[in-house]
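*Asks:* Okay, predicted coordinates and the sequence, questions at the end:
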Amino acid sequence: MALSMKLEDLLRYLHIIRVEGDSHITLHGLAYHTGHVKPGFIFFCLQGSHVDGHDFIPLAVEAGASAVVLEQEREVNGAVKIQVSSVRRAMALAAELFYGSPSQRLRLIGVTGTNGKTTTTHLIDEILQAWGKKTALLGTIKYRIGRETLPVLATTPEAPDLQKMLHAMCDQDMDYAVMEVSSHSLEQHRVSGCDFNTAVLTNVTDDHLDFHQSSDRYLAAKGKLFTQLGGSFWKGNLPRFAVLNWDDPHCDYFLRQVTAQAVSYGIQDGADVRASDITIKSDGVSYRLNSPWGSEHFALKMTGVFSVYNALAATTAALLEGVKLPLIKEVLQKINGVPGRFERVDRGQDFLVIVDYAHTPDGLENILKTARQFARKKIITIFGCGGERDRGKRSIMGQIAGHYSDYCILTSDNPRGEDPWRIIQEVEAGLQEEKLSGSGYTIQPDRYEAIKLGIELARPEDIVIIAGKGHENYQIFSDYTIPFSDRDVAAAIISKRLNRQ
């Protein structure tokens, strides 16, 4: 059934500076891009880093927009002009109202953090499905409602897209929606109006400082998810919870943001859900879990201490929903992993090849420290840094790669609009602190050739780490994008090498 609402009903809830035109009209949709405008839609003028929606008002009206929401003083001919103090806040509120407040009609679990969001949401989703619930999943790798997979727009979609999907989930009688909540989405009010049952924190290390400008602002953006749990302890007949990483240095900060009940997980003493006796091997990790819900020994197919933390976060969230610990254990022990997260590329070779999405200093250090714990021979790391992103982390990542690896191959990631050589030079500055060129590292800007070189250099029992892009199946340059999958490229090169032997 087509959705609609009266503009005058929407205006009752918005903080309005000025309205010009007849508000007694019916709205049939929301758009923030002129390509999506249809007759009867309301158009929101978003200001981006490269373009300003205010400049596209004539195109939106020409496409059929009945109303335009703006911040700047601009002329609007042929549509109702609505001036507000914040277009993003207004768009979030309008989207929530237009789609009938869908998050109030299902259980919504949000996961935020610098690293681990994707894996943790996938683990929670798998547990809930095994528990017999109908679930939807929104995140970096995929959007899924029941069995239907939708195109990924962003880690967390813009408010109209998000509310539209939440509405579709309600129409399809989903019990749960589990979603990644990025710092961008919190700062830009994409999830404003979402009624979360549970908010989960994985960890916080510096990232996206190109956008947030400072560590404090980045931390504050993450904190918004927990303040968004509101002042009520309940949603429906069930309590709200914050699930926090006890071992994260910022745990106290998040505890201060939360009015809901907080439950912690971790490895250090004091965590409510705690892992001990951890054993890490190349093919998995095992640990003893102790909690108020009981104790179990877990043996996961995923490896690394970071996998323990992700599993603990998912376990805690599931326990709070009422899932029994033995079922959680059964599900987690069956999972091989998440695409692009410490994912093995195995074609029968006698060395290990691992693809990982690690694109932050913390993420790269986690996977390299894990590999170092079971490495028998050399670690060869192939990595780069993305363009038009936080430049401050580039030399740090170079230093980390050089410290933990026996040999590094520095290459391009997604250079976007930046000169790939400039990015490489900034990463190399940190790499030079740990390695000498030639004996410790080389530069190969062509990512295909870099992966090929790393695999050709590998000897029996070596480990080749291909970091930065993980599940991505493209590479972004200044004015074009090419198909590119680290996994597929590595698999093809390994197969060619084996065929020559």
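*Replies:* Yep, that arrived. Residues are numbered from 1 along each chain as shown.

*Asks:* ok, and the helix or strand in this protein with the lowest average confidence?
*Replies:* The helix or strand of the chain with the lowest confidence, counting by mean pLDDT, DSSP states H and E, is helix 209-212 at a mean of 46.

*Asks:* I'd like the next helix or strand past it.
*Replies:* Next helix or strand after helix 209-212 toward the C-terminus (DSSP states H and E): helix 215-227.

*Asks:* With just CA atoms, put that next one into PDB.
*Replies:* Output of helix 215-227 as PDB, limited to C-alpha atoms (Å, rounded to 0.1, in the frame of the first residue of the first chain):
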ATOM      1  CA  SER A 215      39.200  12.100  19.100                       C
ATOM      2  CA  ASP A 216      36.800  13.700  21.600                       C
ATOM      3  CA  ARG A 217      34.200  14.400  18.900                       C
ATOM      4  CA  TYR A 218      34.500  10.900  17.500                       C
ATOM      5  CA  LEU A 219      34.000   9.500  21.000                       C
ATOM      6  CA  ALA A 220      31.000  11.800  21.500                       C
ATOM      7  CA  ALA A 221      29.400  10.600  18.200                       C
ATOM      8  CA  LYS A 222      29.600   7.000  19.400                       C
ATOM      9  CA  GLY A 223      28.100   8.000  22.700                       C
ATOM     10  CA  LYS A 224      25.000   9.200  21.000                       C
ATOM     11  CA  LEU A 225      23.800   5.700  20.400                       C
ATOM     12  CA  PHE A 226      23.800   5.000  24.200                       C
ATOM     13  CA  THR A 227      22.100   8.300  25.100                       C
END
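
*Asks:* Now do it: everything it contacts.
*Replies:* With contacts defined as C-beta atoms under 8 Å, 6 or more residues apart in numbering, helix 215-227 is touched by 110, 112-113, 181, 183-184, 186-187, 191, 196, 199, 201, 204, 206-209, 212, 242, 250, 253-254, 257-260. Every C-beta, even on glycine, is put in place using the N, C-alpha and C of the backbone.

*Asks:* Narrow those residues to those in strands?
*Replies:* When DSSP state E defines the strands, the subset of the contacts of helix 215-227 inside them is Gly110, Thr112, Ala199, Leu201, Ala242.

*Asks:* Which one of these sits in the busiest neighbourhood?
*Replies:* Leu201 (31 neighbours; other C-beta atoms under 10 Å).

*Asks:* I'd guessed that residue sits against Asp247; true?
*Replies:* No. The pair formed by Leu201 and Asp247 falls short of the contact definition of C-beta atoms under 8 Å, at 11.0 Å.

*Asks:* Any stretches of the stretch 251-400 of the chain with poor pLDDT?
*Replies:* Scanning the stretch 251-400 of the chain for pLDDT under 70 picks out no residues.

*Asks:* And for the stretch 1-150 of the chain?
*Replies:* Where the stretch 1-150 of the chain drops to pLDDT under 70, the residues are 1-2.

*Asks:* Please enumerate the strands of it.
*Replies:* For the stretch 1-150 of the chain, applying DSSP state E, counting those that start in this stretch gives strands covering 5-6, 16-20, 26-27, 29-31, 41-44, 67-70, 80-84, 107-112, 135-138, 143-145, 148-150.

*Asks:* outside of the host helix or strand of Tyr287, which residues touch it?
*Replies:* Using DSSP H and E, Tyr287 maps to strand 284-291. Around strand 284-291, the neighbours that count as contacts under C-beta under 8 Å, 6+ apart are 272-279, 295-305, 307-308, 312, 315-316, 319, 325.

*Asks:* Which members of those occur in strands, if any?
*Replies:* Among the contacts of strand 284-291, the members falling in strands (DSSP E) are 273-279, 295-300.

*Asks:* can you tell which of the strands of the stretch 1-150 of the chain is closest to Gly440?
*Replies:* Nearest to Gly440, of all the strands of the stretch 1-150 of the chain, is strand 107-112, at 36.7 Å by C-beta to C-beta.

*Asks:* hey, C-alpha coordinates of the closest one in CSV?
*Replies:* In CSV, the C-alpha atoms belonging to strand 107-112 read as follows (Å, rounded to 0.1, in the frame of the first residue of the first chain):
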residue,chain,number,x,y,z
ARG,A,107,13.3,-5.4,18.5
LEU,A,108,16.2,-3.2,17.3
ILE,A,109,19.8,-4.0,18.3
GLY,A,110,22.5,-1.4,17.3
VAL,A,111,26.2,-2.2,17.3
THR,A,112,28.8,0.6,17.2
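
*Asks:* Quick check: can you name the pairing partners of that strand and their directions?
*Replies:* Sheet pairing of strand 107-112 (DSSP bridges) gives strand 176-180 (parallel), strand 198-201 (parallel).

*Asks:* which of those sits most buried?
*Replies:* strand 198-201 (a mean of 29; mean count of other C-beta atoms under 10 Å).

*Asks:* follow-up on the earlier one: save the strands of the stretch 1-150 of the chain as JSON lines, and put in distance to Thr411 too.
*Replies:* Shown next, in JSON lines, are these (distance: least, C-beta to C-beta, whole Å):
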{"stretch": "strand 5-6", "distance to Thr411": "51"}
{"stretch": "strand 16-20", "distance to Thr411": "50"}
{"stretch": "strand 26-27", "distance to Thr411": "49"}
{"stretch": "strand 29-31", "distance to Thr411": "39"}
{"stretch": "strand 41-44", "distance to Thr411": "39"}
{"stretch": "strand 67-70", "distance to Thr411": "43"}
{"stretch": "strand 80-84", "distance to Thr411": "45"}
{"stretch": "strand 107-112", "distance to Thr411": "30"}
{"stretch": "strand 135-138", "distance to Thr411": "31"}
{"stretch": "strand 143-145", "distance to Thr411": "30"}
{"stretch": "strand 148-150", "distance to Thr411": "31"}
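
*Asks:* Cheers, nothing more for now.
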